[in-house]
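Novice: Provide a 3D model corresponding to the input given below.
(one chain, ligands or ions: 1)
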Amino acid sequence: MGGKIVEVFDSVQGEGIYLGVRQLFVRFYGCNLHCRYCDTKPDSYLEYEPEELFLELQLYPKGYHSVSFTGGEPLIQHDFLKSVMRLNRMAGMVNYLETNGTLPDAYEKVQHFVDIISMDIKLPSSTGQQDFWKEHKRFLALADNKEVFLKAVVCEGTLETDLLKIIDLLKSVNRSHTLVLQADSSAASAGKIGEKMEKFKAVCAAKDIIACVIPQVHKSAGVR
Ligand code: SF4
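Specialist: As a prediction, the model looks like this:
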């Protein structure tokens, strides 16, 4: 089965706790959501067979940490994703999945081949979408045996009540996860969000949740 891929490239991770680490990136086409702040809405893609993509990844110089499957939402092409991850695993490569955390059934199909998960928590007051608390909870339960960290985008309109729901979610899954609070880049560059980030960090600390405030560095540094 073929996969729709926007681009394959070699760069450094610009988000989350692996910030600055060299990875190979495979950007999948398409997403099941329409977040208000989304900046990845490509209108074209290339079609690959799993073996073709695997062979292309082999052409890059070694010395990278992992292969980051990003999007869009990679899990909407879960059969293709699973085939590529399987080939990578057989070659000793590390599979790093960037996901919006709303498709637990699709995750279940690929979980065996996933090593690290960077999972978004989609806050309705940030995305302008419905909430996904039920889906996020099931996703985290399925990923209980993996290395997982969580990211939430904070915008000017993000409500503290949504942050408190993340905290409830983290307490309910009975495992400590690092929560990365990431300022929406347009609000951050306009200097509109620093106070809110500080306040949210303090709210997390008061509830015994480790929160890191990490900007989207690849945008400010001009790397992909
Ligand atoms: S989940 Fe990610 S790719 Fe999909 S719409 Fe939201 S920000 Fe864009």
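
Novice: can you list the residues of the protein near the ligand?
Specialist: The chain comes close to the ligand at residues 31, 33-35, 38, 40, 71-73, 100, as judged by C-beta under 6 Å from any ligand atom. Heads up, the C-betas are built off the backbone N, CA and C, glycines and all.

Novice: which of the residues you listed scores worst on pLDDT?
Specialist: The member of these with the lowest pLDDT is residue 40, at 81.

Novice: tell me the secondary structure for the closest residue in space to residue 157 that isn't next to it in sequence?
Specialist: Distances taken as C-beta to C-beta, 6 or more residues apart in numbering put residue 125 closest to residue 157, at 5.7 Å, once the chain neighbours are dropped. Assigned by DSSP: H, G, I helix; E, B strand; the rest coil, the conformation of residue 125 is helix.

Novice: which residues of this protein score low on pLDDT?
Specialist: Low-confidence segments of the chain, defined by pLDDT under 70, span residues 1, 187-190, 216-224.

Novice: try it again at 80.
Specialist: Along the chain, segments meeting pLDDT under 80 span 1, 174-176, 185-192, 215-224.

Novice: spatially central residue in it, please.
Specialist: Geometric centre of the chain, nearest residue: residue 98, 3.3 Å, by C-alpha atoms, centre = their mean.

Novice: so that one sits against residue 68, correct?
Specialist: Yes. Between residue 98 and residue 68 a contact is recorded at 6.0 Å, counting by C-beta atoms under 8 Å.

Novice: follow-up on the earlier one: which among the residues of the chain next to the ligand gets closest to residue 143?
Specialist: Within the residues of the chain next to the ligand, the smallest distance to residue 143 is 13.4 Å, found for residue 100 (C-beta to C-beta).

Novice: which residues does the closest residue to the closest one other than its chain neighbours contact?
Specialist: Computed as C-beta to C-beta, 6+ apart, the closest residue to residue 100 that is not its neighbour in sequence is residue 120, at 4.7 Å. With contact set as C-beta atoms under 8 Å, 6 or more residues apart in numbering, residue 120 has these partners: 99-101, 150-153.

Novice: any chance of JSON lines for those, columns secondary structure, distance to residue 134 and neighbour count?
Specialist: Listed next are those as JSON lines, based on DSSP: H, G, I helix; E, B strand; the rest coil; distance: C-beta to C-beta, whole Å; neighbours: other C-beta atoms under 10 Å:
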{"residue": "99", "secondary structure": "strand", "distance to residue 134": "16", "neighbour count": "23"}
{"residue": "100", "secondary structure": "coil", "distance to residue 134": "14", "neighbour count": "26"}
{"residue": "101", "secondary structure": "coil", "distance to residue 134": "11", "neighbour count": "26"}
{"residue": "150", "secondary structure": "strand", "distance to residue 134": "16", "neighbour count": "23"}
{"residue": "151", "secondary structure": "strand", "distance to residue 134": "19", "neighbour count": "22"}
{"residue": "152", "secondary structure": "strand", "distance to residue 134": "17", "neighbour count": "20"}
{"residue": "153", "secondary structure": "strand", "distance to residue 134": "20", "neighbour count": "24"}
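
Novice: quick one: which of these is nearest the ligand?
Specialist: The shortest approach to the ligand among the contacts of residue 120 belongs to residue 100, at 3.8 Å (C-beta to the nearest ligand atom).

Novice: for the closest one, give its distance to residue 206.
Specialist: 28 Å (C-beta to C-beta, to the nearest Å).

Novice: residue 67 in helix, strand or coil?
Specialist: Per three-state DSSP, the local secondary structure of residue 67 is strand.

Novice: sounds good, over and out.
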